[in-house]
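In: I need the structure of the sequence given here:
(chains A and B)
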Amino acid sequence: MNQLLKLENLRVSVGTDKEILKGLDLEVHPGEFHVIMGPNGSGKTTLGLTIMGHPNYKIIGGKILFEGREINKLAPDERARLGIFMAFQAPEAIEGVKIIDYLRLLLEKVKGVDRLKSHDMVIEKAKEVWFTEKELARDINLGFSGGERKRFEILQALLLDPKLVILDEPDSGVDVDSLSLISIKLHELQKQGKTILLITHYGRILQHVDPSQVQVHIIKDGKIVMHGREELVREIENKGFKKVFEECGCNE
Amino acid sequence: MSELTLQDAKSIIENQIETLKKRNKEPDWMTKLRYKAMNAFFEAPHNDPIITDPLDYIAKAEEEMYPEVKNLDELPPEMLALLDRLGIADVEKKYIAGLAVQSDTSIVLNDFLKEWRKKGLIMESMEDAIRNHDMMKELFMKQFHPEESKLAAYHTAVWNGGVFLHVDAGLKVPMPLHLFFLIQNSAMAQAPHIIIDAREGSEIHLIEGCTSPVLVRHSLHLDMSEVYVGKNARVKLSVLQNWPEYVHTRPMTRAIVEQGGEFINTTVGLGTGKSNIANPKYIVKDGGYVELNGIILGQKDYYVDLGGEMLLEGTGARGMNASKSVIMDNSTVITRGLIHAKAPKTKGHISCDALILNHDAKMETYPGLASEVDDAELSHEAAIGKIREEELFYLMSHGLKEEEATQLIVKGFVNPLLKDIPLEFVVEIRKIIEMAVSGGM
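Out: Next up, the predicted model:
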């Protein structure tokens, strides 16, 4: 089967020469559910932002292939239009831009939705992640709670209907109810056949996800050092990265 | 001054005064005031980095005034076409309240205002008002003096058009009134005089729109506004400028805000013309409030210098000066506010924000705070910079093109200051900003 996303010996630096990803390989096939874990500073967020095309992250070696096509040089919006979506860990607040105006613009410009229909589409999807019509008049992410920010990211994924959904710690700084909702939405996306790349520290976000489908990868110092199934998540939660790395001989 | 002899210069002004006097059939006191201003012109100081000689611009009076029109469809087609530039023609079809249009030096008024006349609202061309109301002697040129600058003197000598807006005590006018300025001739001096006289407890909102077609030579828009905000009255004055690069604008605005009164003055400079220099001044009495909101789009090689002085003279008076500038191409934008606390418990705040879209654009800001009392609260903040890369990336990563994302951010940036502009205009303003951003990219 063809890969949806393939990272080949990916090396990425940020700033002048600080190398963060040091030859990372990953293959993701359509419909799969991948979890990326790793200690702080191991390169998890860099991985997501590099796939999305953040201008500060420079690819100094290797390739990103999406549906067999190299996308190393594509602008972020071109990647989004190919069907890659990223839910950010700390999404930006944009003052003066109302959620409803922004989401309608996304639907119209990115998905080609008719202007007459975009309003109702936004309202309907927003309800699914607990945003009322009134709340859609707020500015993007301005003064949002942790849960609101993460639910707003999920809302954009629901509207854009991408092929690949990258989620960077959708469970950090989130209230229990929002966490449960996000987990349910992840399961729904999984059932729809979406391919998911989930960056997380905790297994709790997987509470509603079919565990038999989950593939786990552990990043350490810019490389993937372990692969496993859902049990690996629990092992790390119980023992911590330090112990797991010692046991696998990953520190050498 | 140019190579004109004093006698030449005098006769240039005299000719204008004589033409205007005849056309307007104005009372002697006004003609005397014009001649007094002419004499002051030669002595008055002149300090303008761009207009070396105001006499390069002449007030050519139309032979006859335009007749009164009942609605927009009766306007001459060339005027309607121009209003389209501001998106006004469409807007107006939806709701039309008071409307006055000044083309060059003549003014066209609609008759929707006749209804409101009975309730105590007067909106007349300044020429009519000067003939019709004795109170004009008490109001006209009471906040300015011709001696203070050559531009003030020249305006007073050759003023043409403008409106007189009077609201009786307690009358609240629910819909905005509209006044539009069009310049259609080259080397014009369009010098409208506007007086807003809002009596105690009244409410009024005047929207001014300004535009011009492409001209062969530069023209000058030299307007003067004198605003009286009575006790507990609320006045909004919103100015939408969409001048092309052939127009220099030197608006002069002053206001006196009486006890508990409120004056919200918003200027949206979408096309500010080749150059725009303004330094409005507001005097605020006990418990009064004044707000100056400036939205400035700096494009091409435009030069914009927007000041704003607030004198907080009464106990508890408040002033707020906020500007948001979007600057591109080779344009220069300067903002300078001054809030002067002269009485106890006064409050003032200046904020200057600017988005600079490219390397050659220039921005300067000079906030000024002065206090003569020990319990005033004065503050300022300023933020000048590029669009934040993280904001742009956030929007682009969800599929918006760089241009679309930039437009959205810029519109969001100016949005907080558009709160008092009717939605129909906001829609048009946003379109104009989108086009400018695309052009600038």
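In: need the helices for chain B, in chain order.
Out: B:6-24, B:28-43, B:77-85, B:88-94, B:113-117, B:126-132, B:136-139, B:150-158, B:389-397, B:402-414, B:423-440 (DSSP state H).
In: what about these, which gets the closest to chain A?
Out: helix B:402-414 (3.1 Å; C-beta to the nearest C-beta). From N, CA and C alone the C-beta is placed, and that goes for glycine too.
In: got the contact list for A:Glu128?
Out: A:155, A:158, A:185 (C-beta atoms under 8 Å, 6 or more residues apart in numbering or on different chains).
In: Please repeat the previous calculation with a cut-off of 7 Å.
Out: A:Leu158 (C-beta atoms under 7 Å, 6 or more residues apart in numbering or on different chains).
In: Near B:Glu148, how many other residues are there?
Out: 13 (other C-beta atoms under 10 Å in any protein chain shown).
In: if we can go back for a sec, redo the helices of chain B as a markdown table? Include distance to chain A and mean pLDDT.
Out: Shown next, in a markdown table, are the helices of chain B (distance: least, C-beta to the nearest C-beta, whole Å; pLDDT from 0 to 100):
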| stretch | distance to chain A | mean pLDDT |
| --- | --- | --- |
| helix B:6-24 | 45 | 89 |
| helix B:28-43 | 44 | 96 |
| helix B:77-85 | 22 | 62 |
| helix B:88-94 | 17 | 49 |
| helix B:113-117 | 34 | 78 |
| helix B:126-132 | 37 | 91 |
| helix B:136-139 | 39 | 96 |
| helix B:150-158 | 35 | 95 |
| helix B:389-397 | 4 | 96 |
| helix B:402-414 | 3 | 95 |
| helix B:423-440 | 10 | 82 |
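In: Ranking these by mean neighbour count, which comes first?
Out: Sort those by mean neighbour count, taking mean count of other C-beta atoms under 10 Å in any protein chain shown, and helix B:150-158 sits at the top with a mean of 26.
In: and for that one, what are the contacting residues?
Out: Applying C-beta under 7 Å, 6+ apart, the contact partners of helix B:150-158 are B:13, B:16-17, B:20, B:33-34, B:37-38, B:40-41, B:44, B:46, B:48, B:54, B:59, B:141, B:144-147, B:189, B:191, B:222, B:224, B:250, B:252.
In: do the same with stretch B:383-399
Out: Contacts of stretch B:383-399 (C-beta under 7 Å, 6+ apart): A:52, A:54-55, A:75-77, A:80-81, A:86, A:88, A:91-92, A:94, A:106, A:109-110, A:156, A:160, B:353-356, B:363, B:365, B:402, B:405-406, B:408-409.
In: Filter these down to just the ones in strands.
Out: A:86, A:94, B:353-356, B:363, B:365 (DSSP state E).
In: Considering those residues, which possesses the most neighbours?
Out: A:Met86 (29 neighbours).
In: Quick check: end-to-end length of stretch B:340-359?
Out: Taking C-alpha to C-alpha, to the nearest Å, stretch B:340-359 runs 35 Å from one end to the other.
In: Could you do stretch B:411-428 as well?
Out: Stretch B:411-428: ends 12 Å apart by C-alpha to C-alpha.
In: before we move on, the earlier item: nearest approach to A:Phe144 belongs to which of the helices of chain B?
Out: Among the helices of chain B, helix B:389-397 comes nearest to A:Phe144, with 13.3 Å by C-beta to C-beta.
In: next one: the closest one to chain centre, how far?
Out: Relative to its parent chain, helix B:389-397 has a centroid offset of 36 Å by C-alpha atoms, centre = their mean, to the nearest Å.
In: and it with helix B:402-414, angle?
Out: Here the directions of helix B:389-397 and helix B:402-414 differ by 130 degrees (axes from the mean of the first three to the mean of the last three C-alpha atoms, to 10 degrees).
In: Now for the residue of the stretch 151-300 of chain B found nearest chain A, how many residues are close by?
Out: Nearest residue of the stretch 151-300 of chain B to chain A: B:Ile295, at 11.6 Å (C-beta to the nearest C-beta). Residues near B:Ile295, counting by other C-beta under 10 Å, number 25.
In: what's residue 169 sitting at in phi/psi?
Out: No chain was given, so I picked chain A. The phi/psi pair for A:Glu169 (degrees, to the nearest 10) reads phi 50, psi 60.
In: actually chain B
Out: Given degrees, to the nearest 10, the pair of backbone angles that B:Ala169 has is phi -50, psi 130.
In: Is it correct that it is in contact with B:Ser202?
Out: Yes: using C-beta atoms under 7 Å, B:Ala169 is in contact with B:Ser202, at 6.2 Å.
In: So the two - more neighbours on which side?
Out: B:Ser202 (25 against 14).
In: OK, contacts around that one?
Out: By C-beta under 7 Å, 6+ apart, the contact list for B:Ser202 reads B:167-172, B:230, B:233.
In: Before I go, just wanted to say thanks for your time.
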